[in-house]
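Q: mind looking at a prediction? Sequence and model below.
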Amino acid sequence: MAQQLCINQGECRTGQFFALLALGGLVVLGALFAFFTLEHHGHILTGMNNQIVWGLPHVFAVFLIVAASGALNVASIGSVFGKQVYKSRAPLSGMLALALLAGGLAVLVLDLGRPDRLVVAMTQYNFKSIFAWNMIFYNGFFAIVGLYLITLMDRKLKAWSKPVGYMAFFWRLSLTTATGSIFGFLVARAGYNSALMAPMFVIMSFAYGLAIFMVVQSSMYRWNGLRLDEGVRRRMKNLLAVFVGASLYFTIVFHLTNLYFAKQWEFERFILLDGGIYTKVFWVGQVVIGGIVPLILLFMPRSKDAQSMCFCFLAPFLVILGGVAQMYVTIVGGQAFPLVMFPGHEVQSSFYDGVVNAYHPGIYEWLLGLGGVGVTFTLTVVAVRVFKFMPQDDFQTLQARRSTD
Amino acid sequence: MSDSMNSKLEDRRHFLKTSAVVAGVTLGPGVLFFGVAQSRAPEEGASSNQRWGMLIDTTKCGDGCSDCVTACNTENGLTGHTGPQDSQWIRKVDIKDLRTGYVQSLPMLCQHCENAPCVDVCPTGASMKRADGIVLVDRHSCIGCRYCMMACPYKARSFVHEPLTDQNPEVPRGKGCVESCTFCVQRVDRGDKPACVEACDTKGHKAMLFGDLKDPESEVSKALKSSDSVEVRADLALHTGVRYQGI
C-alpha cells in the first residue's frame, strides 16, 4: 500500500495535485472577494433581509459544521467501539472533521455583520446563549480532535488514542446537540421550537459526515488506482443506510408531531403542500434525492462492477445533496413561513407581516457558501498530500474476519 | 407729614420688591429644576426601582394614522423607507379576525420583555436588558450574527444592511449591527416620553400610555389596573413591558 501513497513526492501526480489546489484556492478567493465586498458595502448586496436573516451562507455553514461532527463518526467507531476496519480510517476521519469544521466556521464568521469583532465573540460569553456554547464547542472540537489526530498518528502516543477518542466522541455529540438546539430553542417560530431538533441534527450529522467520508475515501482510492475491499465497502454501505433511514425516521416524526398540533397545521401545509420552492426542495431534495434514492442504490441487488459506483460515490453524494436541501428547508423555509403573532388573525404591515417572505440568494451568498466547501476541499487536498491519511487496511485480518462474518 | 408718609410707602414698596426678587431667585430655580431633578443624572445607572412600560389602546389608535411611526423615524434618524432591507423600529399592523371579520390597527414595536428571547440567545451579551426593563443592543459588542432576530417573536428587530450617514448623535447606529426600539431611551433618561407616545398625544388619540409600571400612581399603572389588557403571544410568558387593550 505504502508505495501508492503520496508521501514520496516523485510518485505523486504533482500536476493534478496543483490543479486541485488551484481549483480549491479559486473558490476560496471567490469567498474572500464576497467577504471584502460585503464588509465594504454591507449586506444590502445580498438577498438576505430583515425577514430572511439567515440565508444561503448559513445553509452551507451549518451543513458543514454538522457534517464535521459526523465525519468523526468513523474514528469514533474505531476508538470507542473498537472496530478495526474503522480504526484504520480514523486519521482520515479526524482530518476531514477538522477540515469541514474549518470550512463551516469560515462561512459563519465571514457572513457576520461585524466580522472584525470576532475577538468580542471569543472573549465575551453569554452563557445562557446556546450560540455562545456552540463557540466553545467549536473551539474545543479543534483542540480535542487535533489532539486525537496526534495520538492516532504518533506511535508513542497510540495508547492515548482510546481515552482521547472517547472524549472526542462525547464532545462531538455535545456539539451537534448544541447546533440542533440553536434552532430547537427558538420559541417563537413554528418551524423550530422543538426538542427533536437536537437528536435529529445528531442523526443527520451521522449520515452527512459518513457520506462525505465515503466520497473522499472513494476519490482517494480511485486517485491511487486502488479498489476498496468489498467487506469494508459493505460495512460502510450498511452503516450509511442505517443513518439515512434514521434521518428519514426523525423527519417523519418531526412532521407527524407537528401535524398533531392544530396550531402547527399551517406550517406543515406550507412545508409539505403549498410552500412553493420549499415544498419542492423538501420532497425532491431532502426526501427523494437525499433519502429514498440513496437507500434504493445502497440496497439494490447489482452486479459487482456496478456496486462500486453506487456504494461508494453516488449514494453518499446524493445524501450530501439531500443534506444541503434539508438545511435549506430548515433554515430558510423556517423563516419564510410568516411569524405568527396574532393566531386566528390575518395580519399585514409595511414590515411584511403575515406574508411568505421572499428570498433570492445573490452571487455573494453563493460565493460565501461555496467558499466554505472550498476551504474544506483545499485543506483536505493538502492534508492527504502531506500526511499519511490513506486508510491502512490489514487485508489478512480482513480476509479472516470476512470468513467468520 | 406727607413727605414722611411717602418715604415710608417707598420703603415698604422697596421692601416688597426686594422680598419678591429674593423669593423668586430662591424658589424659581427650585421650581424650574424640579422636573430635571426627577430625571436621572447621566452618571447614575438605570434603577430596578422602575420598570418602564407602555399600554396601547387599539380602540383609540387612528385607522390610517402613522404619526407614531413618523415620529420614531425622525427621533432615531431612520429613513422611513419600507423595503425588505430597511430598518423599522415601529410599524402599524392591521389585523383582521378570521372568524368575525373584525379589523383593527395597532402599533407594533419591541415589547421590552422581562424574559426577552433576544437577550437569552445573544452570544456576546450585546442584546441586554437595563435594570429598568428597557431592552437595548450594545453597539460595541454586537457582532451582527442576527440570532436575536431569529428569536424575537414580534419581528421587532432590524439589521443595518448598509453604511449610514446623517445620524442623530444621541442615537448611534451602525452597519452590520442589529437594532430595535429603545423606548427612546435618550428621552426617557431626560424625563421625557418616547417620541411615538408624544406624537400620539399631539394627534389627540392618546392611544399610547408610557410610564413606570412599578409606580402605582403613574398614569399607565392606573390605566392597567382599571381595565383588562393583554400581552401579544402571552403563551410565551415573556412578561412584556408593552401591553394592549382592545385586542
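A: Arrived safely. Just so you know, these numbers come straight off a predicted model, no measurement behind them.

Q: contacts only, for the residue of chain A positioned farthest from its centre.
A: Most distant residue from the mean C-alpha position of chain A: residue A:345, 38.8 Å away (C-alpha atoms, centre = their mean). Applying C-beta atoms under 8 Å, 6 or more residues apart in numbering or on different chains to residue A:345 gives the contacts B:95, B:96, B:97, B:98. C-beta coordinates here come from the backbone N, C-alpha and C atoms, glycine included.

Q: most neighbours, which of those residues?
A: Using other C-beta atoms under 10 Å in any protein chain shown as the neighbour criterion, residue B:95 leads the contacts of residue A:345 with 23 neighbours.

Q: how about the secondary structure of that one?
A: Classification of residue B:95 using DSSP: H, G, I helix; E, B strand; the rest coil returns strand.

Q: quick check: bridge partners of it?
A: Judged by DSSP bridges, the bridge partners of residue B:95 are residue A:347, residue B:104.

Q: wait, it sits on residue B:101?
A: No. Taking contacts as C-beta atoms under 8 Å, residue B:95 lies outside contact range of residue B:101: 11.4 Å.

Q: the domain parsing of chain B - what is it?
A: As assigned by automatic domain parsing, chain B contains the domains B:2-38, B:52-245.

Q: tell me which of those is the most buried.
A: Highest mean neighbour count of the domains of chain B: domain B:52-245, a mean of 19 (counted as mean count of other C-beta atoms under 10 Å in any protein chain shown).

Q: quick one, what contacts residue A:271?
A: Residue A:271 is in contact with A:191, A:255, A:278, A:279, A:282, A:329, A:333, A:337, counting by C-beta under 8 Å, 6+ apart.

Q: okay, the residues you listed in CSV with neighbour count and secondary structure next?
A: Shown next, in CSV, are these (neighbours: other C-beta atoms under 10 Å in any protein chain shown; DSSP: H, G, I helix; E, B strand; the rest coil):
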residue, neighbour count, secondary structure
A:191, 25, coil
A:255, 16, helix
A:278, 24, helix
A:279, 17, helix
A:282, 23, helix
A:329, 25, helix
A:333, 25, helix
A:337, 20, coil
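
Q: confidence score at residue A:405?
A: pLDDT, residue A:405: 46.

Q: please read the previous query as pertaining to residue B:206.
A: If you check residue B:206, the pLDDT there is 94.

Q: I'd assumed residue B:60 was in contact with it.
A: Yes. Proximity of residue B:206 to residue B:60 meets the contact threshold set by C-beta under 8 Å, at 6.2 Å.

Q: phi, psi for residue A:172 please.
A: Backbone torsions for residue A:172, taken as degrees, to the nearest 10, come to phi -70, psi -30.

Q: picking up where we left off before, the residue farthest from the centre of chain A and residue A:23, how far apart?
A: Distance, residue A:345 to residue A:23, using C-beta to C-beta, to the nearest Å: 52 Å.

Q: which of the domains of chain B sits closest to residue A:92?
A: Closest approach to residue A:92 among these (C-beta to C-beta): domain B:52-245, 32.2 Å.

Q: centre of the chain to the closest one, how far?
A: From the chain centre to the centre of domain B:52-245 is a distance of 8 Å (C-alpha atoms, centre = their mean, to the nearest Å).

Q: next one: stretch A:213-223
A: The answer for stretch A:213-223 is 17 Å, by C-alpha atoms, centre = their mean.

Q: of all the residues in it, which ones are buried?
A: A:213, A:214, A:215, A:216, A:217, A:218, A:220, A:221, A:223 (16 or more other C-beta atoms under 10 Å in any protein chain shown).

Q: now stretch A:230-238: average pLDDT?
A: 86.

Q: actually stretch A:392-401, not the one I wrote
A: 62.

Q: again, but for stretch B:210-217
A: Rounded mean pLDDT across stretch B:210-217 is 96.

Q: again with stretch A:357-376
A: 96.

Q: so which bits of it are buried?
A: For stretch A:357-376, the buried set under the neighbour-count rule, 16+ other C-beta under 10 Å, comprises A:357, A:359, A:361, A:364-376.

Q: show me where the chain has its strands.
A: You didn't say which chain, so I picked chain A. Secondary structure of chain A by DSSP state E: the strands cover A:345-349.

Q: that's the wrong chain, I meant chain B
A: Using DSSP E, strands in chain B cover B:52-57, B:90-97, B:103-109, B:127-129, B:135-137, B:158-159, B:178-179, B:208-212, B:242-245.

Q: what's around residue A:244, how many residues?
A: 29.

Q: go ahead and confirm it touches residue A:319.
A: Yes. If you go by C-beta under 8 Å, residue A:244 and residue A:319 touch, sitting 5.9 Å apart.

Q: any residues in contact with both of these two?
A: Residues touching both residue A:244 and residue A:319 (C-beta under 8 Å, 6+ apart) are A:207, A:290, A:294.

Q: distance of residue B:205 from chain A?
A: Residue B:205 is 18 Å from chain A, where distance means C-beta to the nearest C-beta, to the nearest Å.

Q: and for residue B:63?
A: Separation of residue B:63 from chain A (C-beta to the nearest C-beta): 14 Å.

Q: touching, residue A:33 and residue A:368? I think so.
A: No. Look at residue A:33 against residue A:368 with C-beta under 8 Å: they stay out of range, at 9.7 Å.

Q: dump the residue contacts of residue A:267.
A: Counting by C-beta under 8 Å, 6+ apart, residue A:267 touches A:190, A:191, A:258, A:337.

Q: check it and give its pLDDT.
A: For residue A:267, pLDDT reads 95.

Q: with residue B:47 instead?
A: 87.

Q: next one: phi and psi at it?
A: When read as degrees, to the nearest 10, the backbone of residue B:47 gives phi -110, psi 140.

Q: from memory it sits against residue B:134, does it?
A: No. Between residue B:47 and residue B:134 there is no contact under C-beta under 8 Å: 11.5 Å.
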